[in-house]
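Asker: next come a sequence and a model predicted from it.
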Amino acid sequence: MGLCKRKETAEITEKKPEELDENGGIKMKKQISLFQGVAIIVGIIIGSGIFVSPVGILQNVRSVGMAFVLWIVCGIYNALGAVCYAELGTSIPQSGGEYVYIRRAFGDMASFVCLWIDFLLICPVGIAAMGLMFSVYLLKPIYSDCDVSETPTRLLAALISTLLIAVNCVNVKWATKVQVVITISKLIALAAVIIIGFYYIGKGEVENFQNSFEDSDTSAGAIALAFYSGFWAYSGWSYLNFLVDELVNPVRNLPLAIFISMTLVIIVYLLANVAYLGVLSPLQMLSSPAVAVTFADQTLGPVKWIMPILIAISVSGTMNGTALGMSRLFFIGAGNGHLPQVVSMINYKRLTPMPSLLIILILTLIFQNTGDIFYLIEMEGFGFASILVMTFASQVYLRYKEPDLERPIKVPIALPASLCFISLAIVILTFYQKPHESFLALGLVAGGTVLYCIGGKWKNKPKSIQDKIDWGTMFVQKMLLVVPPSKPEDLQFE
């Protein structure tokens, strides 16, 4: 194929034994500990949602009591989904998350659809939106009396996105340490909200909790929409499965990290919602564009400016964790021929999937310069729910296809089957609520399928075309100092 050979790179022979596989080729090291794994999951889940829009449930069910019921139900649902992912991650301990599980169950085409949705609709759009949100809240103290200007918002969003991707390119440990620091920062911010809120409750500010189920809207539509809002507030628990190859002792640490992080997030979310209602009335919450900022305005006095900054830090943690996890997904997918081959390569000095990370950055910067980023964010919901349907369906099917597969964790088959049905209902609801975004997403997936047939299935390309592809691959290899992983065929399930 004309690629730069890894054996021809002298520096590879200087690598430490743990950085080489049994054939002497390079690989990504197992260097993510249990503590760092918990920090990654918590750092991704607790992003802007609990600070900015915990009203998503309240505005649909219309009562404090029902809102808390839905927060608990949504937390349990996502925790059960995380348990299913723990089974999949320990029985198929490979980086790539749901992409790997879907490919093993349903084959090449289904896994490509999953990868394409993540590649185009979920990862770069999510990071782009979070980058813009980071900018808005970091600049809010400067533009205290007016809306934040669009130009500095986009420039700062591009800067933070580039910085976080650069950290991930240089060193995985740096990326996980950044995630730990940011996670601790956002937990401190939430602790401040909780302590202040409970202080007000201790002074007798409990009128917002009286008759808490009065005027509840318990219709199926209201509950479904409220569940939808809560479902996304907890999203992010699956990202550690993308990093299984780099997780120390994954059979033990993956389920532990998921259990610890989900328990912590559910408790923190419930306490934060109680604290908000100790200071703000339901009406104030519903009319606030950012509940934590309104909360700070009424409680922190002259230091109220600190809350927008803490929100920005929180959002950057979600951005960092998303880049860390998704880059591994694209790395694995490229190794299976679903993306350009160079995306499956590793920088031989840093042992990081640099091409994959840079692709994420390029797409992120493109989306940050579009005129209607929030329209695309709504499509992201459709994409993620669709992937969950395929993932839970693959878990059910693998029980019959590979009954003898070693499963260190084994959940009742009814659990993934039920979650598959619920996720499918969410997809149908998305079509009903957001038909334009949903059909556009379907169109993008269909377009990706055409590219897959041309790039992935067209094996015998004319020599003139193949030579150009090889030249481009070698050019990128030389620029980024990347080489193929030791055994790309190990990524296949054929």
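Answerer: Received, thanks. Numbers count the residues shown, from 1 in each chain.

Asker: CA only for contacts and neighbour counts going forward, please
Answerer: OK.

Asker: residue contacts, residue 271?
Answerer: residue 194 (C-alpha atoms under 8 Å, 6 or more residues apart in numbering).

Asker: rerun at 10 Å
Answerer: 190-191, 193-195, 197-198, 265 (C-alpha atoms under 10 Å, 6 or more residues apart in numbering).

Asker: next: residue 139.
Answerer: The contact partners of residue 139, by C-alpha under 10 Å, 6+ apart, come to 133, 147-149, 152-153, 156, 308-309, 312.

Asker: which member of the residues you listed is positioned nearest residue 177?
Answerer: Distance to residue 177 across the contacts of residue 139 (C-alpha to C-alpha) is lowest for residue 312, with 17.7 Å.

Asker: buried sites along the helix or strand where that closest one lies?
Answerer: Residue 312 is part of helix 306-335 when elements are defined by DSSP states H and E. By neighbour count on 16 or more other C-alpha atoms under 10 Å, the buried set for helix 306-335 is 307-335.

Asker: what residues of the helix or strand harbouring residue 166 count as buried?
Answerer: Per DSSP H and E: residue 166 is located in helix 150-170. Buried residues in helix 150-170, counted by 16+ other C-alpha under 10 Å: 153-158, 160-162, 164-170.

Asker: which other helices and strands does that helix contact?
Answerer: If you count contacts as 3 or more C-alpha pairs under 10 Å, 6 or more residues apart in numbering; DSSP states H and E, helix 150-170 packs onto helix 123-139, helix 172-202, helix 306-335, strand 346-347, helix 354-368.

Asker: tell me the strands beside the fourth one, with direction?
Answerer: When pairing is defined by DSSP bridges, strand 346-347 lines up against strand 482-483 (antiparallel).

Asker: any idea of the mean pLDDT for the partner strand?
Answerer: What strand 482-483 shows for mean pLDDT is 80.

Asker: so for residue 68, which of the helices and strands packed on helix 150-170 sits nearest?
Answerer: helix 172-202 (15.7 Å).

Asker: what's the model's confidence in the closest one, averaged?
Answerer: Averaged over helix 172-202, pLDDT sits at 79.

Asker: what angle separates that helix from helix 306-335?
Answerer: With axes from the mean of the first three to the mean of the last three C-alpha atoms, to 10 degrees applied, the angle from helix 172-202 to helix 306-335 works out at 140 degrees.

Asker: other SSEs contacting helix 172-202?
Answerer: On a contact count with 3+ C-alpha pairs under 10 Å, 6+ apart, helix 172-202 meets helix 34-45, helix 49-52, helix 150-170, helix 250-279, helix 291-299, helix 306-335.

Asker: cutoff 8 Å now
Answerer: Judged by 3 or more C-alpha pairs under 8 Å, 6 or more residues apart in numbering; DSSP states H and E, helix 172-202 is in contact with helix 34-45, helix 150-170, helix 250-279, helix 306-335.

Asker: mind listing what's buried along it?
Answerer: Going by neighbour count (16+ other C-alpha under 10 Å), the buried part of helix 172-202 is 172, 175-180, 182-187, 189-194, 196-198, 200-201.

Asker: is it correct that residue 413 is in contact with residue 394?
Answerer: No. Counting by C-alpha atoms under 8 Å, residue 413 does not reach residue 394; the two are 11.5 Å apart.
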